[in-house]
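*Asks:* This is a predicted model, with the sequence first.
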Amino acid sequence: MGLRRNGLWQSLCDQVCGGGNKASAENERLTEAFRHEEYEALRLTIGLRYAVFIIVATILSIEMGWPLAANYYAYLGALAFSAYLQLLLRKPELDRPWMHAVFPFIDMALLTAVIVLPNPFDPNQLPPPMRLGFDTILYVALFIVLSALGQSARTVLNTTLAAIICWSIGTMYIVMQPDVTFGSRMDNILHVPMQERIDYILNPWNVRVGEFAPRLILIGLIGLILAIAVARSRTLLARQVESERARRNLSRHFSPHIAEELSRMDDALGQVKQLDAAVLFADLVGFTQIADDHTPEQTIGILREVHQRLSRAVADNAGTLDKYLGDGIMASFGTPKPGPRDASAALLAARAMLREMDLLNRQRKLLRQVPLQLAVGIHYGPLTLGNIGDETRIEYALIGETVNVAHRLEQMTRALNAQLCLSQAFIDKLTDETRGDAGAVRDMVALKPQPIRGLRDRMVLWILARPAITAEADAPEPTPTIH
């Protein structure tokens, strides 16, 4: 709890003093954004101030009439002009720290003057202490509340300090007027007869300490509470911006599912999970030769185009893009949380990748470029998920035999002349999800058990044969649907 109080106090001090020690580009942009928002809030505050002036002027016109109200019109005009100057001078590119102190003092000096100075148009002046009634100090509180709309704790505190100083000076001015008394009774007022007590309280020529000090304390408390509230709201907003920035940065390195998972972790390494999921590897065939035939810029351009299409296929089917592997990708379906149709989503993503490559090759053919061939392997099985590394650098990793088998299947597509290779375990899971409907793999062929490097037992594989490359590109065959 102490740390939280210290953090809020530090935030309040930073905002009042004009910022902390952080000077990163991100913090500079955040400070600049706050500066623009403060100006927009200032415009709103001044707009509300003008509305209040119109209401007050209307009330004064009804209550006092002409010419008594003329005195207050002059002060309202001066306050309105002060607000106009703030709009001109406190623009983001012109705003200076001293303005947050000078203008509040100008406003409070004018407000105090209109309260304590006598009305020159009034021939029958009331006793000066009566100008310090409780209703008049509400206008001071109103200005402090309006200053909080500016979303600047510094401005709120400066306005509060200006209010305390100006009200004190105004009270001392009243005290120095002829026949005005100042102080309090030294004896216990509870022991004073009722009539004498009423006379003392209602004496129009007396300024009592018992009223003066509590009003200053009230003004100070209102300002302090509002300043803390503004500082707290800005701190929460800055934390939210920082959280979104961190999540956005994570999403550049991880898929949205993993980025969301990592952003909620308090422990850097997090917990280890074990679950069943589908793992997909996709890779360009013969890309080394393609890279040799192109400039580095062209090679990177091809990779960016391919990665964009492959990652879009993964995202569109609720998959997790685990990593880029040079000219290929590794993706998983069912991580970090398993779903009811992970195998179906993986197959849909693979089909979408193959369609994207057909579309890309049509474009490349128009440019007389060599067509690209994609190889995809998918396996379904148990996985271990968790962060590896240390406190300074971590990597979210998928570990297990399932990953190795999926990679082997993608590599075996070359020898099998296939563009898609699925394991029997994956087919079993797909069949379970589709309730025995084999329509999704009707264009695929089941091979007899094949040896898999690194495994003791052979495995039945299902492949989608690679179409022959002809001079004229044929339209892609319709993709089997998954029910």
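*Replies:* That came in fine, so what should we check first? Numbers count the residues shown, from 1 in each chain.

*Asks:* got any ranges where the stretch 301-450 of the chain has weak pLDDT?
*Replies:* 389-395 (pLDDT under 70).

*Asks:* so where do the helices sit in it?
*Replies:* Per DSSP state H, counting those that start in this stretch, the stretch 301-450 of the chain carries helices over the ranges 342-366, 401-416, 424-433.

*Asks:* export those to JSON lines and tack on mean neighbour count and distance to residue 335?
*Replies:* In this view, the C-beta of every residue, glycine as well, is placed from N, C-alpha and C. JSON lines is the format used below for the helices of the stretch 301-450 of the chain (neighbours: other Cβ atoms under 10 Å; distance: least, Cβ to Cβ, whole Å):
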{"stretch": "helix 342-366", "mean neighbour count": "20", "distance to residue 335": "9"}
{"stretch": "helix 401-416", "mean neighbour count": "20", "distance to residue 335": "11"}
{"stretch": "helix 424-433", "mean neighbour count": "19", "distance to residue 335": "15"}
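
*Asks:* Now tabulate those helices in JSON lines and tack on distance to residue 207.
*Replies:* Output for those, formatted as JSON lines (distance: least, Cβ to Cβ, whole Å):
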{"stretch": "helix 342-366", "distance to residue 207": "79"}
{"stretch": "helix 401-416", "distance to residue 207": "83"}
{"stretch": "helix 424-433", "distance to residue 207": "85"}
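
*Asks:* Ok, which of the ones you listed comes nearest residue 42?
*Replies:* Comparing the helices of the stretch 301-450 of the chain by their distance to residue 42 (Cβ to Cβ), the top pick is helix 342-366, with 51.4 Å.

*Asks:* starting at the chain centroid, how far to that closest one?
*Replies:* Relative to its chain's centre, helix 342-366 lies at 35 Å (Cα atoms, centre = their mean, to the nearest Å).

*Asks:* begin at 835 from here
*Replies:* Got it, first residue is 835 now, which makes that one helix 1176-1200.

*Asks:* quick revisit: so which of the helices of the stretch 1135-1284 of the chain is nearest residue 939?
*Replies:* Closest approach to residue 939 among those (Cβ to Cβ): helix 1176-1200, 65.3 Å.

*Asks:* Give me the contact list for stretch 1146-1161.
*Replies:* Residues outside stretch 1146-1161 that contact it (Cβ atoms under 8 Å, 6 or more residues apart in numbering) are 1089-1092, 1114-1115, 1117-1118, 1121, 1137, 1140-1141, 1145, 1163-1167, 1169-1170, 1173, 1179-1180, 1182-1184, 1186-1187, 1190, 1230, 1232.

*Asks:* My read is that residue 965 contacts residue 946, right?
*Replies:* No: using Cβ atoms under 8 Å, residue 965 is not in contact with residue 946; the gap is 10.3 Å.

*Asks:* Those two: which is more packed in?
*Replies:* Neighbours around residue 965 and residue 946, counted as other Cβ atoms under 10 Å, are more numerous at residue 946. The numbers are 23 against 19.
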